[in-house]
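Undergrad: Sequence plus predicted model, see below.
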Amino acid sequence: MKRLLFLALLVLFPGCENGIEIEIETWFGEPEKQSAAAEEEKQQQQEVQVAYDKGQEFTGIQDWDEAIECYTKVVDLDPGHSRAFFARGVAKGGSGEFDKAIDDLSKAIKIDPDYHEAYRFRASAHGATGDYDAAIDDFTEAIRIKPENPNSYYSRGVKHSRQGNNRHALEDFNEAIRLKTTNPLAYLLRGYVYFEQGEREKALADFAMARSMGLVR
């Protein structure tokens, strides 16, 4: 094919042998390079997917060290893989490395600023280190992204309660219960807030509701 094209162009442009040959090599060489690059990229994507899936398997059985190794391979191959940073952050949190978990979850959020679950897990990691202010901030971001999620209100309420901020805790527990009436822990903790505020009847009603759900015996 190259030879036929060379001869045809030589008839049209006599005396330009070198230039024609260079152009032909460029025409034919570029698609070959592109094809090789595409194949390499496809292979890398496959490696990324295999490592990520393997990491998910190890996460499922809470083999955190193996999971972290798999997710590290993923982010080495694809530094923009937000789900791998998230998953590695979860694995590091599972192994008790909360500061490292926060670092990975922050990277996931930097790649995807609306990563709802990354905010929720980073909030939990902050809570585990005792940084309740940062935890509350992250739960607030999670609520901004998904205001219909009752778990974020409940978890933020817990952090407010631990800071002694009963007013905000009560607001969050109320919203958590409004969105999901079947969470016995929300009733139980709201009952404690009512009890601390001297609202005995409301507290007893919430304790009774929690008990009816099988939480308190």
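TA: In hand now; what should we look at?
Undergrad: Quick one: neighbours of Phe195, just the number.
TA: A count of neighbours around Phe195, defined by other Cβ atoms under 10 Å, yields 15. All C-beta atoms are positioned from the backbone trio N, CA, C, and that covers glycine.
Undergrad: Repeat that for the one 4 residues further on.
TA: Counted by other Cβ under 10 Å, the residues lying close to Glu199 total 15.
Undergrad: Can you check the pLDDT for it?
TA: Predicted confidence (pLDDT) for Glu199: 97.
Undergrad: Contacts only, for it.
TA: By Cβ atoms under 8 Å, 6 or more residues apart in numbering, the contact list for Glu199 is empty.
Undergrad: Distance check, it against Asp206.
TA: Here the distance between Glu199 and Asp206 works out to 10 Å (Cβ to Cβ, to the nearest Å).
Undergrad: what does Arg156 give?
TA: Arg156 sits 18 Å away from Asp206, going by Cβ to Cβ.
Undergrad: out of these two, which sits in the busier spot?
TA: Ranked by neighbour count (other Cβ under 10 Å), Arg156 and Asp206 place Arg156 first, with 27 against 24.
Undergrad: what's the closest non-adjacent residue to the more buried one?
TA: Closest residue to Arg156 apart from its sequence neighbours, by Cβ to Cβ, 6 or more residues apart in numbering: Phe139 at 3.8 Å.
Undergrad: Could you count how many residues lie near the one you found?
TA: A count of nearby residues for Phe139, using other Cβ under 10 Å, gives 29.
Undergrad: Okay, and the residue lying closest to Ile143 once chain neighbours are set aside sits in which element?
TA: In space, Ile143 comes closest to Ser152 once its chain neighbours are excluded; the distance is 4.9 Å by Cβ to Cβ, 6+ apart. Assigned by DSSP states H and E, Ser152 belongs to helix 150-162.
Undergrad: following that helix, which helix or strand shows up next?
TA: Downstream of helix 150-162, the next assigned helix or strand under DSSP H and E is helix 166-179.
Undergrad: what's the angle between the helix holding Ser152 and helix 166-179?
TA: Counting by axes from the mean of the first three to the mean of the last three Cα atoms, to 10 degrees, helix 150-162 lies at 160 degrees to helix 166-179.
Undergrad: Quick check: mean pLDDT of helix 150-162?
TA: Helix 150-162 carries an average pLDDT of 97.
Undergrad: tell me how far that helix is from the chain's mean position?
TA: Relative to its chain's centre, helix 150-162 lies at 20 Å (Cα atoms, centre = their mean, to the nearest Å).
Undergrad: now do stretch 119-130
TA: With Cα atoms, centre = their mean, you get 13 Å for stretch 119-130.
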